[in-house]
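[1] Sharing a model that was predicted from the sequence below.
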Amino acid sequence: MGVDRPAKNEILHHIPPTPEQEDFIQKLMQFAKTGDATLLGRLPLSETEEKAKMLIATDYARKMALDMRMIDPNYEDHPDNKASHCAKMIAEYYQKYDAQKGTQFVFSDLGTYQPGDGWNVYSEIKRKLTEDYGIPPSEVRFIQECKTDKARKAVIDAMNAGTVRVLFGSTSMLGTGVNAQKRCVAIHHLDTPWRPSDLQQRDGRGVRAGNEIAKHFAGNNVDVIIYAVEKSLDSYKFNLLHCKQTFISQLKSGAMGARTIDEGAMDEKSGMNFSEYMALLSGNTDLLDKAKLEKRIASLEGERKSFNKGKRDSEFKLESKTGELRNNTAFIDAMTEDWNRFLSVVQTDKEGNRLNIIKVDGVDSADEKVIGKRLQEIAKNATTGGLYTQVGELYGFPIKVVSERILKEGLEFTDNRFVIEGNYKYTYNNGHLALADPLAAARNFLNAIERIPSIIDQYKAKNEVLKREIPQLQEIAGKVWKKEDELKQLKSELAALDRKIQLELAPPTPEVAEKENEGQQVKPEAEDVRNRQVQYPENAPPQIRSPADSIVANHVIIGRPGLYAKEETRSKGLKI
């Protein structure tokens, strides 16, 4: 729409886990496996809580990533926790844009400000800003402090004026209805919300029209910093949110490719899948890599969808305009033939004016007034039943009338229209005669045939435009999308990563565990069999060792020691 607003510069700020977080991560993994809530310092789970074990685990993981004091206020402050990193980053932007009184928004839906002496992340970061970096307390505010609309408006006005430089809030309280963008230079996300729309609303506090400091002093950019603790759910959740947003945007724009999205990977109602939870907390980056690959694939599929849609549109337009050019040329040829035929027989007077040598059935007179009156009578009384009926001629061109039944204002009546016919039917005044002037009625058909040159010129002008457009459409229709190989490669990488993740996350079977304990090694079967016999282990199940199944084209068995877990094949008859 051409709205002048700053661009969003996203920065994913990685933070290594503190020793306390590392220790608690191990407890979370044990809790996820056993359900032993005492590991987390809480009472044993009730029957209801046992069913929501992964939701509890996910909630603890989110709080742990924000600050260990969200778990227990008795934990000590740490110079490498998220609050310390955020305070340091806020102070850097504060100093960088101090001359312009640049402002910053800080978002978190966990650890929000509560009046009183209780510990919360908002107050902790403010303490660090004032004690460690010398920022005046009056310039750091919490939106939760505003109990009335008047107080809320006063804080927003102070942000625009630059007397308040840092404003904390949650998505619900600060994410909408806050027009304090005038001086915004940075937005900080201490946690990631559940919905893409919430993240958009947060970013929209600064990435919007009217941000003067960003436009004139920050290259028309607003930095958006997302704080992510390693070996936590932060990075994965943020990338998952981007995948969802890509899918939603494609759906809304009609550019969605053939793909699906798994909304069940993590949500606020059920928590996170056990296997993925364990993989992430153990430091496995495969799931994060998968989210990034899916994001890139979704983007490319949307781009290909748009490209193919544009190409199909161009092909359709090319076919339509080529046909139009062909038809227009045929019209021009046929009308030119009619015009030349007319010129070859028309008679003129001494001044060169064309004579109206018209003949009407039932009229012997050559007087135009008499002929006009007869034509007016036909216009009033004719009933042809929708058929073109000849009533006269002009220079050998038949003059015809057709009766049409039409409705007007709820009444039905007969409308008689006249044409003069050559290769096409030509009309003047849309085929209606002048009922008040017999001479004008008589000259209707000469006027109609004299319009032929102007009609030819109109078609020629259309053809000139078509001749310019058709080569452009031919060029577009002939283009090939150049990123097909890249998309295939990414899909291949994603499929391989999916297989790797499935193998890593699949719990070992008792047989495998027993053999591993005995020190035995079982080699995985992963072989491309192309027109040759598959070599199966001696302990393979009998249903896959029959002679009929021994030779399979394009067959791959993918498994892990002791497992026949998955197969990919286009052949029939072999089931694992």
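    Received, thanks.
[2] Could you double-check that Glu315 sits in contact with Lys479?
    No. The criterion here is Cβ atoms under 8 Å, and Glu315 misses it with Lys479 at 10.8 Å. For the C-beta atoms, the positions are set from N, CA and C on the backbone; glycine is no exception.
[3] So between these two, which is more surrounded?
    Legend: neighbour count by other Cβ atoms under 10 Å for Glu315 and Lys479, higher for Glu315 (15 against 11).
[4] How about the contacts made by that one?
    Ala477 (Cβ atoms under 8 Å, 6 or more residues apart in numbering).
[5] Please give the element, helix or strand, for it.
    Here Glu315, judged by DSSP states H and E, is contained in helix 286-345.
[6] Just give me how far that helix sits from the chain centre.
    Relative to the centre of its chain, helix 286-345 is centred 23 Å away, using Cα atoms, centre = their mean, to the nearest Å.
[7] Which helix or strand lies directly C-terminal to that helix?
    Past helix 286-345, the next helix or strand by DSSP H and E is strand 358-360.
[8] which residues touch the helix or strand following that next one?
    As assigned by DSSP H and E, the chain's next helix or strand after strand 358-360 is helix 368-381. Applying Cβ under 8 Å, 6+ apart, the external contacts of helix 368-381 come out as 356, 358, 360, 362-363, 365, 391-392, 401, 416, 418, 432-433, 435, 437-444.
[9] Strands - which of the residues you listed land there?
    Among the contacts of helix 368-381, the members falling in strands are Ile358, Val360, Val391, Gly392, Val401, Asn416, Phe418 (criterion: DSSP state E).
[10] Okay, and Trp194 sits in which element?
    Per DSSP H and E, there is no helix or strand for Trp194.
[11] count of residues packed around it?
    The number of residues packed near Trp194 is 17, by other Cβ under 10 Å.
[12] Could you report the pLDDT at it?
    Listed pLDDT for Trp194 reads 77.
[13] Next one: it from Asp109, what distance?
    9 Å (Cβ to Cβ, to the nearest Å).
[14] In a helix, Lys182, correct?
    No. Counting by DSSP: H, G, I helix; E, B strand; the rest coil, Lys182 is not part of a helix but coil.
[15] Surely it is in contact with Asn160?
    Yes. Counting by Cβ under 8 Å, Asn160 is a contact partner of Lys182 at 4.2 Å.
[16] for the chain, what are the low-confidence residue spans?
    With pLDDT under 70 as the threshold, the chain has low-confidence stretches at 1-2, 235-236, 238-240, 242-243, 245-247, 249-285, 288, 504-576.
[17] Could you pull out the buried residues of stretch 332-343?
    Neighbour-count burial for stretch 332-343, with 16 or more other Cβ atoms under 10 Å as criterion, is recorded at Ile332, Met335, Asp338, Trp339, Arg341, Phe342.
[18] Kindly apply the preceding question to stretch 460-467 instead.
    Of the residues in stretch 460-467, those buried (16+ other Cβ under 10 Å) are Lys462, Asn463, Leu466.
[19] Only the C-alpha atoms, please, for that stretch, written as CSV.
    C-alpha atoms of stretch 460-467 as CSV (Å, rounded to 0.1, in the frame of the first residue of the first chain):
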residue,chain,number,x,y,z
LYS,A,460,-6.6,-2.1,-36.0
ALA,A,461,-5.8,-0.1,-32.9
LYS,A,462,-6.6,-3.1,-30.7
ASN,A,463,-4.3,-5.2,-32.8
GLU,A,464,-1.4,-2.8,-32.3
VAL,A,465,-1.8,-3.2,-28.6
LEU,A,466,-2.1,-7.0,-28.8
LYS,A,467,1.1,-7.2,-31.0
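[20] circling back to that earlier point, out of the buried residues of stretch 332-343, who's nearest Leu129?
    Closest to Leu129 out of the buried residues of stretch 332-343 is Ile332 (79.0 Å), distances taken as Cβ to Cβ.
[21] And the closest one, how far from Ala154?
    Remark: distance between Ile332 and Ala154 (Cβ to Cβ) = 74 Å.
[22] Please apply the same query to Glu92.
    Distance from Glu92 to Ala154, by Cβ to Cβ: 28 Å.
[23] ok, now Gln376?
    For Gln376, the distance to Ala154 - Cβ to Cβ - is 82 Å.
[24] who's more crowded, these two?
    Gln376 (18 against 14).
[25] any idea how far Ala52 is from the more buried one?
    Here Gln376 is placed at a distance of 90 Å from Ala52 (Cβ to Cβ).
[26] can you check Met89 too?
    35 Å.
[27] Which one of the two is surrounded by more residues?
    Between Met89 and Ala52, counted using other Cβ under 10 Å, the more crowded position is Met89 (19 against 16).
[28] so that one makes contact with His13?
    Yes. If you go by Cβ under 8 Å, Met89 and His13 touch, sitting 7.0 Å apart.
[29] list the residues that contact both of these two?
    Ile225.
[30] Contact partners for Lys359?
    Gly392, Glu393, Leu394.
[31] Show the buried residues in the contacts of helix 368-381.
    Buried among those by 16+ other Cβ under 10 Å: 356, 358, 360, 363, 391-392, 401, 416, 418, 433, 438, 440-444.
[32] Mind picking the one among these that's closest to Ser320?
    Taking Cβ to Cβ as the measure, Phe418 is the one of the buried ones among the contacts of helix 368-381 closest to Ser320, at 32.9 Å.
[33] circling back to that earlier point, make a markdown table out of the buried residues of stretch 332-343 and add distance to Asp59.
    Formatted as a markdown table, the buried residues of stretch 332-343 follow (distance: Cβ to Cβ, whole Å):
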| residue | distance to Asp59 |
| --- | --- |
| Ile332 | 76 |
| Met335 | 79 |
| Asp338 | 84 |
| Trp339 | 85 |
| Arg341 | 90 |
| Phe342 | 89 |
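[34] so, if you compare the residues you listed, which one comes nearest to Ser170?
    Nearest member of the buried residues of stretch 332-343 to Ser170, counting by Cβ to Cβ, is Ile332, at 70.2 Å.
[35] Distance of that closest one relative to Phe397?
    Per Cβ to Cβ, Ile332 is found 19 Å from Phe397.
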